[in-house]
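> turn this into a structure:
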Amino acid sequence: MFYQSVGLFTHTCFEIMSKHGRILVAMSGGLDSTVTAVMLREEGYEVVGVTMKTWDYASSGGGKKETGCCSLDSINDARSIAVKHGIHHMILDIREEFGDFVIDNFVEEYLAGRTPNPCVLCNTHIKWEALLKRAKQLDCEFIATGHYAQVRQENQRFVVSKGIDENKDQSYVLWGLTQSSLSRTRFPLGGYRKSEIRQMALDMGYEELVKKSESYEICFVPDNDYRGFLKRRVDGLESQVNGGNFINKEGKILGKHKGYPFYTIGQRKGLEIAVGEPLYVLEIQPETNTVVLGKEDELNKKGMWVRGLNMGKFEGLNSPMEAITKIRYKNDGTSGLIEQVGSKMKVIFYDDVKAIAPGQSAVFYDGNDVIGGGWIESSFEVES
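Just a heads-up that it's a prediction; the model follows:
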């Protein structure tokens, strides 16, 4: 059994005095978290490394070899690195918490015709809560991760801002962190470029980590086939939804599809329908098992509503303000006006935005600072 109980760690375990105090570091066995842990130790922190087991690959039913942050190889790599540098290390089994919350939400969102954002949900509700809980038990003042982002205190608010490396910035996936969580969080890599972190790893003797490929797949869908995952997860799903209608915006039936949960807004490939011109998924209607198709320019919208807000730089907005809004991780963002209306944000873009997908995260920026974020509820047309 490779799980280490938190209860085995007592105050007497920590014999090394440090000048900066004790900090809990999330270690995945990868390049970024390794450099984070070693960097903090060299700065004088007493580092406690934690590797979280969030998912059991054997239960996914996919055919791909176990890889990524939750694999046994990655867990063993993290432990070996910790031992090499004299870092206390533990493994936390949070599969039950992760599965009940993140995976159930993932399935529910697709069944509701939306496109989920499981990594944001996991960061906000699972990983940070688990880290902070163990940090409290171990008298760690702070927690740290290898995210490329920055956090500072300004006007009695804790503000997340972009990492200086625009190509690696991860502030988008951190919008859901609460003020309480941010007050105890450190992002040591935010002030560095990825090339600098790679060189640090080489200087530490970790050439194999620099060569190691980074995974961008959802951890519990290792074969990157979310449709197959849904079929395995929901008994009889395929037979229940197969054979619904593809229609156009006027309601004309264009053909039959394989089930509304297996399509996403903006999708063009894999529709298996021929009408003489390229068509894209414009809308998903789960109530009638219907998928609306149209031309590429029909994906463009200038307005959207965002629900489930978590505000960052400002406690709230008393009036509309200009902001850059990102609607997906690799999106550059689009300028526009944001206006808080009760518990939602109304966004009016200055330019067309393509394929606004309900269920995805929308993150609002004031320059490099995260104003806040939420879940896309719907898009709408704006009359000129």
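> going by C-alpha atoms from here, please, whenever you check contacts or count neighbours.
Noted.
> and for Ser319, the neighbour number?
For Ser319, the neighbour count with other CA atoms under 10 Å is 9.
> pull the helix or strand of the chain with the lowest mean pLDDT out as PDB, backbone CA atoms only.
Of all helical and strand segments in the chain, the minimum by mean pLDDT, DSSP states H and E falls on helix 95-98, at a mean of 86. Extracted in PDB, the C-alpha atoms of helix 95-98 (Å, rounded to 0.1, in the frame of the first residue of the first chain):
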ATOM      1  CA  ARG A  95     -10.400   9.500  -5.000                       C
ATOM      2  CA  GLU A  96     -13.700   9.400  -3.200                       C
ATOM      3  CA  GLU A  97     -14.000  13.100  -2.800                       C
ATOM      4  CA  PHE A  98     -12.900  13.700  -6.400                       C
END
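> what about the helix or strand that comes right after it, average pLDDT?
Once the chain leaves helix 95-98, the next helix or strand it forms, by DSSP states H and E, is helix 104-111. Across helix 104-111, pLDDT averages out at 95.
> for the helix or strand following helix 104-111, name the packing helices and strands.
Going down the chain from helix 104-111, the next helix or strand is helix 118-122, by DSSP H and E. The criterion is 3 or more CA pairs under 8 Å, 6 or more residues apart in numbering; DSSP states H and E, and there are no helices or strands that helix 118-122 contacts.
> what's the offset of helix 118-122 from the middle of its chain?
With CA atoms, centre = their mean, to the nearest Å as the basis, helix 118-122 stands 4 Å off its chain's centre.
> what's the average pLDDT for that helix?
Helix 118-122 comes out at a mean pLDDT of 90.
> next: stretch 169-180.
Across stretch 169-180, the average pLDDT comes to 96.
> so which bits of it are buried?
Burial within stretch 169-180, assessed by neighbour count using 16 or more other CA atoms under 10 Å, is assigned to Asp169, Gln170, Ser171, Tyr172, Val173, Leu174, Trp175, Gly176, Leu177, Gln179.
> the second one contacts Val151, correct?
No - in this structure, Gln170 is not within contact of Val151 by CA atoms under 8 Å, at 11.9 Å.
> narrow the buried residues of stretch 169-180 to those in strands?
Within those, no residue falls in strands by DSSP state E.
> let me know the closest of those to Pro320.
Trp175 (19.6 Å; CA to CA).
> who's the nearest residue to that closest one once chain neighbours are set aside bridged to?
Distance criterion CA to CA, 6 or more residues apart in numbering; nearest residue to Trp175, sequence neighbours excluded, is Gly373 at 5.4 Å. On the basis of DSSP bridges, Gly373 is bridged to Asn310, Val363.
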